[in-house]
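# Sequence and predicted model, in that order:
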Amino acid sequence: MKRPIIAGNWKMNKTNAETKEFIAQLRPLVKDAQCEVVCCVPFTNIVTARKAARGSNIQIGAQNVHWAESGAFTGEISAAMLKELKVKYVLTGHSERRQYFGETDQTVNLRTKAALKAGLKVIVCVGETLSQREESKTAEVLTTQTIEALKDITKQELKRVVIAYEPVWAIGTGKTATAQDANDTIKIIRRVIRKLYGRASGTSIRIQYGGSMNPKNASELMSMPLIDGGLIGGASLNAEDFAKVVNY
Ligand code: 13P
């Protein structure tokens, strides 16, 4: 049985003081969770979050990672730096990185490979924009994004990869893909993985849905056969709401 994974993506939110308070509040609310619980916090909050989560089932993740081991890359963070802070997961390819910071399929691949090489687990984000969906390009876009992100990643490494399907038009908009629609689209991604890595990998890889997931729609989305988790933005910033999603 696959273990579902619910991850919060805090984006650029919360100070260290707020982080400490939030994790303290969240701990008891999610202690009996059946799924993996992850909070992807800003780099500056990792140490505080880890300390606050010590001895609990809350894992700490980061939101980005650079591909070089070190060097002249102002403003970037390496995989070794994250490992040293005992970060477990890192996001790559979030649509906001693609949209606002020039992230391409190629840089998503470089970041993903570097993180895996360092021993991190990676949540690789893919998703189509509204115009791509309206032009019936969803399958094509997701296929390309998935193939490119996973280029040169071994079957062994793939075991540490989670894919987050986040339709861009559903992020922060309050519009959720219907559970059926999310499930059908995730099927396309599984088909790509199957072609690349074989049938078993296409079935066993965990794929999350993300985009306006909240306490109201979480259980329906999580009941779909091909959805193994959620990547939560807005609703992950409030401990009670996030706990409700985790305990879907
Ligand atoms: P919202 O849950 O705020 O729509 O954000 C989703 C997201 O981008 C998670 O990475």
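It's in.

# Around the ligand, pick out the residues from the protein.
Residues of the chain found near the ligand (CB under 6 Å from any ligand atom) are 9, 94, 166, 171-172, 210-213, 231-235. (Glycine included, C-beta is placed from N, CA and C.)

# Please name the nearest non-neighbouring residue to the closest residue to the ligand within the chain.
In the chain, the residue that lies nearest the ligand is residue 233 (2.2 Å; CB to the nearest ligand atom). Spatially, and ignoring its direct neighbours in sequence, residue 233 is nearest to residue 9 (5.4 Å; CB to CB, 6 or more residues apart in numbering).

# Can you give me the buried ones in the lowest-mean-pLDDT helix or strand in the chain?
Ranked by mean pLDDT, DSSP states H and E, the weakest helix or strand in the chain is helix 130-134, scoring a mean of 93. By neighbour count on 16 or more other CB atoms under 10 Å, the buried set for helix 130-134 is 132-133.

# Packing partners of the helix or strand following it?
Proceeding N to C from helix 130-134, the next assigned helix or strand is helix 138-149, under DSSP states H and E. Helix 138-149 sits against helix 105-117, strand 121-126, helix 179-197, with contacts defined as 3 or more CB pairs under 8 Å, 6 or more residues apart in numbering; DSSP states H and E.

# Which parts of helix 138-149 count as buried, going by neighbours?
138, 141-143, 145-146, 148-149.

# Over to stretch 49-62?
So, applying 16+ other CB under 10 Å, buried residues of stretch 49-62: 49-50, 52-53, 58-62.

# same thing with stretch 84-93?
Of the residues in stretch 84-93, those buried (16+ other CB under 10 Å) are 87-93.

# and the residues of the chain next to the ligand, which of them are in strands?
Counted as lying in strands by DSSP state E, out of the residues of the chain next to the ligand, are 9, 210, 231-232.

# out of these, which is most surrounded?
residue 232 (29 neighbours; other CB atoms under 10 Å).

# and that one, what are its bridge partners?
Taking DSSP bridges, one obtains residue 8 as the residues bridged to residue 232.

# Report the mean per-residue pLDDT for stretch 27-44.
Throughout stretch 27-44, pLDDT has a mean value of 98.

# and what of stretch 141-150?
Stretch 141-150 comes out at a mean pLDDT of 98.

# Could you do stretch 233-248 as well?
Averaged across stretch 233-248, pLDDT comes to 98.

# which residues touch it?
6-11, 13-14, 22, 25-26, 29-30, 32-33, 35, 37, 39, 171-172, 210, 212-215, 218-219, 222, 230, 232 (CB atoms under 8 Å, 6 or more residues apart in numbering).

# Equivalent analysis for stretch 8-19, please.
By CB under 8 Å, 6+ apart, the list of residues contacting stretch 8-19 reads 22, 38-42, 44-45, 48-49, 52, 63, 91, 94, 96, 210, 231-233, 236-237, 242.

# can you check stretch 72-87 too?
Here stretch 72-87 makes contact (CB under 8 Å, 6+ apart) with 43, 46-47, 50, 60-62, 64-66, 68-70, 90, 114-115, 117-120.
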